[in-house]
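> could you work out the structure for the sequence below:
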Amino acid sequence: MPPISFKAIAIAFTAEVAADGVIRTILFGLFAHGMVTAEMGPEEFEKVTLTVLQTTDYVPWALALGIATTIGGGYLAARIAKLIPYYHGLAMGIAGILFILLLWPDEAGWLEYLGLLITIPVSLVGAHVAKTHMEPDPA
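Next up is the predicted model:
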């Protein structure tokens, strides 16, 4: 098996997780419509979170943007590594699945299961896009 650049995987995965966090925070702020205040306690914040998740289009937007960041992660890993892009896309998908399983909730819903199913293929899409922008291997 050709060598995988763990440095490329670490950089791309960190960038992907950071992008997901920033995007979800901004997205939540947009959909919360000023319902969150600085004086809010944990129980009140939980109520607002449930309200946003149940009554807005937050979940579909979060899913779409999460897919985009996963494609970006596979792309970034492949571009940083410069060789064997599909292996790096696969490695990013595996890292994503391990991350999903690490944060697995007690009552998993359809979104968690969908995440497990599409993470590797979506990461490979990113690696494929990267390969189309890379020069051929000089082999």
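> low-confidence ranges in this structure?
The chain contains residues with pLDDT under 70 at 1-2, 137-139.
> for the helix of greatest length in it, which positions count as buried?
Longest helix of the chain, by residue count under DSSP state H: helix 6-32. By 16 or more other C-beta atoms under 10 Å, the buried positions in helix 6-32 come out as 8-9, 11-13, 15-16, 19-20, 23-24, 27-28, 31-32. To be clear about C-beta, it is placed using only N, CA and C from the backbone, and glycine gets the same treatment.
> and what of stretch 35-53?
Residues 48, 52 are the ones in stretch 35-53 that count as buried (16+ other C-beta under 10 Å).
> same check on stretch 97-116?
Residues 97, 99, 115 are the ones in stretch 97-116 that count as buried (16+ other C-beta under 10 Å).
> can you name every helix or strand that the longest helix of the chain contacts?
helix 42-55, helix 58-81, helix 85-102 (3 or more C-beta pairs under 8 Å, 6 or more residues apart in numbering; DSSP states H and E).
> looking at the ones you listed, which is closest to Leu111?
helix 58-81 (6.6 Å; C-beta to C-beta).
> buried residues, the closest one. List them.
Buried-residue list, helix 58-81, by 16+ other C-beta under 10 Å: 58, 62, 65-67, 69-81.
> just how off-centre is it within its chain?
Put simply, helix 58-81 sits 5 Å off its chain's centre (C-alpha atoms, centre = their mean, to the nearest Å).
> between it and helix 42-55, how big is the angle?
Interaxial angle of helix 58-81 relative to helix 42-55 (axes from the mean of the first three to the mean of the last three C-alpha atoms, to 10 degrees): 90 degrees.
> redo the buried residues of stretch 97-116 as CSV? Include distance to Gly109.
CSV is the format used below for the buried residues of stretch 97-116 (distance: C-beta to C-beta, whole Å):
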residue, distance to Gly109
Ile97, 17
Phe99, 17
Gly115, 10
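> let me know the closest of those residues to Lys47.
Among the buried residues of stretch 97-116, and counting by C-beta to C-beta, the member closest to Lys47 is Gly115, at 25.2 Å.
> isn't that closest one up against Ile100?
Yes - applying C-beta atoms under 8 Å as the test, Gly115 and Ile100 come out as touching, 5.1 Å apart.
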